[in-house]
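Visitor: here is my input, please return the structure:
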Amino acid sequence: MGIKGKNKVAPEDEQNLTEKEKFGKPVKYDPTFKGPIANRGCTDVICCILFLVCIVGMGGVGFIAFTTGDPWTLVYPTDSRGQICGVSEAVQDKPMLFFFDFLKCASYDTLLEFKCNTPQVCMSACPNKTYSPYKDLFFGAVAPALLNFDDFICDYDFDPATEYATGDYQGLDGLFLMMEDDRCASYYLPSSPLADRCVPSFLVDALSNVGDVFTTNDSFIYTANGDNITGSNAEELFSNAVNLFLELQTLVQVLYEDLVASWHMVLIGLGIGMLLSFIWIVVMRWLAGVIVWGSLIGLFAALGFGVYYCWIQYSALEGVAGADSDFEFSSNLLSYLRLQKTWMAFGITLLVVLSLLVLITLCLCNRIRVAISLIKEASRCVGGMISTLFWPILPFLLQMLVITVWVFIAVFLATSHTAKYTVVDAESDFPLANGTVCDEANFTSYYGEMNYTARCQFQSYEVEQYVLYLQIYNLFMFFWLMNFCVALGQMTLAGAFASYYWAFSKPQDIPAFPLLKSFYRSIRYHLGSLAFGSLIIAIIQIIRVMLEYVENKLKGKDNMVVKFVIKCLKCCFWCLEKFMRFINKNAYILIAIYGDNFCTSAQNAFFLLMRNIVRVAVVNKITDYLIFLGELCVTAIVGAASFFFFTNQITFVGEYVTVPQLNYYWFPIILICVGTFAIAISFFSVYDMAVDTLFLCFLEDLERHDGSAEKPYYMSKDLMGIVGKKNKKEVPDD
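Guide: Sure, this is the predicted structure:
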């Protein structure tokens, strides 16, 4: 072949080069590159400034919220005048809220919202006896001197004795009107405080029952609506409240007792889960290949057995009357199993699936081996940097701080409201109709002398329109900061793991304190890039929240086209968020290595992955499978051990550790399982980041180097053997 022949490129190679050039050019060899670049500059400075300005803006929102909000309105009860019991100056010595007619509160909605449509006043203590003024009305008709006005519970500025003697409620008819006009409570029962609300004792006190509340002399207990309350019908009238309070209180009390009795065992279970997660990651260097190939062989065996079983069933139906009939629709699904064609269809389907999987496995065999080798290498990497396993604690604490700040601002904003008062009990000739907004401070001076029954009563708290926009901004910053914490954790881990890969001789060439150095580089140079990537995710998330809000508003509407469009948009933005998280993660890896800005790194990462798309698919799926299997196994092992322990089926452990006596042994088991799963996710997220980082470094290694003495590969001998590469100067085995 002549000299010119050396420059010729085969048509298929030229086509491959053209296809690869669509996704950028491979990175050229750099003799000075020895891992994450130390000499780098700040990236995405504009986004960093924007991020800091927005944080200051969030602080401004917090200042507005703290100066205008009053979260005590969510904690302490509020009377019908909008005064906070035990807090407001006029009722500072009256911390308990009393409901004139608690039956109007005996529903799930009103109990959960802690408000109901009945007058409410603050009291120094809850009533401790059963009383109804209607009984006094009976005695008053016989002998007015027997009336005991001290037992009446009335509105603040209403004196029943004075009104009865010289006011607008004179005589026996006036006494009845006091109840009908809701100036005084028509009845009350022995009550106990619950969240500073006076609730009938038999609902919340385990030592009290309905029989203790009602006696034979209490047949005069009537509501303002005329309902007679007796010992026989009280539970029926209060049924909703009884069920809610008693069931909830009993359950919470029992679970609390179980938690107190077993908390130390829960902590021990979580510690065992942490230890098992670490052990699982370490032994993956030996088990990865066994698990992957064993799972594939098991899948092939199951499919092969399925084909064989279908053939056996098909043969067994040979000659059976009606077995060769055609398919006919039937609601009895078992009838299809009596047809040969059913088993033939099952067998052919399983055989096709088995054949395709075998062919795919044979074609991807080498890439599966690469994935297994990378997983093993990641196990060595994490095992050599044990500090990385505890790194998620810092991002977790930062996220807890963000959540705390966000919740405080959101709560204060939610209570940045003004009290709304409306007219109630207005007569037809009263100047203001019922429901009209009124001024509580001046209502009595304007209309008090007109001898009307109308009152200006507290209705609810209203929030100004601007508060809604501040809440949206606060929510957006919450998304941004939470994603920023995740990004910081990923970039820090990526820099540490990249330092491991690009060490020519491991572990001798691994720099000291790689995790701390990577964290410093991320904070010092790449706050802007972290903010840029997390901003993209935050924008997508806030759009998804708005779509959820719009969909919720459309409930009950019949516009199917709009609903369909909303669902399509939700699906699209869900997919977009998943895709951008994938791109961001790989962009952070390249930023940690080369120190480029976010857009450049995202583009380079995307092109690098597209040039190796098949490898990407195989490595990601196998890694996801192994990580999910690890999380599942660790949780299952700890959960099973907890079950056998709390059910006292591990006798030898009982000789050393006392098994606590529990009401519901499932409660600590569930706590241990949930906590172990969260711990496993945290540990395996580090492992997943190690695999992704080493994988990108591996792809860069293949494109940068050729195995010569000047450009040796940094990958392990195992990886070089799988991809058919070798160094002229052998790389020491780790």
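
Visitor: so residue 44 sits against residue 528, correct?
Guide: Yes - taking CB atoms under 8 Å as the definition, residue 44 is a contact partner of residue 528 at 3.1 Å. Any C-beta I mention is one placed from the backbone N, CA and C, and that applies to glycine too.

Visitor: what do the two both touch?
Guide: Here residue 44 and residue 528 have 597, 598 as joint contacts, going by CB atoms under 8 Å, 6 or more residues apart in numbering.

Visitor: between those two, who's got more neighbours?
Guide: Comparing residue 44 with residue 528 by other CB atoms under 10 Å, the one with more neighbours is residue 44, at 24 against 21.

Visitor: quick one: pLDDT of the more buried one?
Guide: What the model reports as pLDDT for residue 44 is 91.

Visitor: can you pull the contacts of it?
Guide: Residue 44 neighbours (CB under 8 Å, 6+ apart): 526, 528, 529, 531, 532, 597, 598.

Visitor: report the separation between the residue nearest to residue 687 when sequence neighbours are not counted and residue 380.
Guide: Distance criterion CB to CB, 6 or more residues apart in numbering; nearest residue to residue 687, sequence neighbours excluded, is residue 281 at 5.2 Å. To residue 380, residue 281 is 10 Å away according to CB to CB, to the nearest Å.

Visitor: likewise residue 319?
Guide: Distance from residue 319 to residue 380, by CB to CB: 62 Å.

Visitor: more neighbours: these two, which one.
Guide: Per other CB under 10 Å, whichever of residue 319 and residue 380 has more neighbours is residue 380, with 19 against 8.

Visitor: confirm the more buried one sits in a helix?
Guide: Yes - Residue 380: assigned to a helix according to DSSP: H, G, I helix; E, B strand; the rest coil.

Visitor: leaving out the residues flanking it, which one is nearest to it?
Guide: Among residues not flanking residue 380 along the chain, residue 285 sits closest, at 5.7 Å (CB to CB, 6+ apart).

Visitor: for residue 570, grab the count of nearby residues.
Guide: 16.

Visitor: cool, the one 3 residues further on as well?
Guide: For residue 573, the neighbour count with other CB under 10 Å is 16.

Visitor: in which helix or strand would I find the spatially closest residue to it that is not a sequence neighbour?
Guide: Of all residues not flanking residue 573 in the chain, residue 544 sits nearest, at 5.1 Å (CB to CB, 6+ apart). Using DSSP states H and E, residue 544 falls within helix 527-553.

Visitor: buried residues in that helix?
Guide: Neighbour counts over helix 527-553 (16 or more other CB atoms under 10 Å) mark 527-538, 540-542, 544, 547 as buried.

Visitor: grab the most central residue of the protein for me.
Guide: By CA atoms, centre = their mean, the chain has its centre lying nearest to residue 403, at 11.6 Å.

Visitor: a helix runs through that residue, doesn't it?
Guide: Yes - assessed with three-state DSSP, residue 403 lies in a helix.

Visitor: quick one: the helices in the stretch 201-350 of the chain?
Guide: 201-204, 210-213, 234-237, 239-316, 340-363 (DSSP state H, counting those that start in this stretch).

Visitor: if I pick the residue nearest to residue 380, what's in contact with it?
Guide: 376, 377, 379, 380, 383.

Visitor: if we use 10 Å, what do you get?
Guide: 373, 375, 376, 377, 378, 379, 380, 381, 382, 383 (CB atoms under 10 Å, 6 or more residues apart in numbering).

Visitor: now, which of those residues sits nearest residue 190?
Guide: Nearest to residue 190, judged by CB to CB, of the contacts of residue 285 is residue 382 at 63.1 Å.

Visitor: could you check how far the closest one is from residue 375?
Guide: 11 Å.

Visitor: any shared contact partners between those two?
Guide: 284, 285, 687, 690, 691.

Visitor: surely the fourth one is within a strand?
Guide: No - residue state for residue 690 (three-state DSSP) corresponds to helix; a strand is not indicated.

Visitor: nearest residue to it other than its sequence neighbours?
Guide: Of all residues not flanking residue 690 in the chain, residue 378 sits nearest, at 4.0 Å (CB to CB, 6+ apart).

Visitor: kindly report the same for the first one.
Guide: Taking CB to CB, 6+ apart, and ignoring the residues beside it in sequence, residue 284 has residue 379 as its nearest neighbour in space, at 4.1 Å.

Visitor: the one you found: what's it in contact with?
Guide: Residue 379 makes contact with 280, 281, 282, 283, 284, 285, 286, 287, 288, 687, 690, 691 under the criterion CB under 10 Å, 6+ apart.

Visitor: any idea of the pLDDT on the fifth one?
Guide: Spelled out, it's residue 284. pLDDT recorded at residue 284 is 77.

Visitor: what sits against it?
Guide: By CB under 10 Å, 6+ apart, the neighbours of residue 284 are 291, 372, 375-376, 378-380, 382-383, 626-627, 630, 687, 691.

Visitor: which among those residues end up buried?
Guide: 291, 372, 375-376, 378-380, 382-383, 626-627, 630, 687, 691.

Visitor: residue 422 contacts residue 462, doesn't it?
Guide: No - using CB atoms under 10 Å, residue 422 is not in contact with residue 462; the gap is 11.1 Å.

Visitor: which neighbours do these two share?
Guide: residue 437.

Visitor: look at those two and report which has more neighbours.
Guide: Between residue 422 and residue 462, counted using other CB under 10 Å, residue 422 has the larger neighbour count: 19 against 11.
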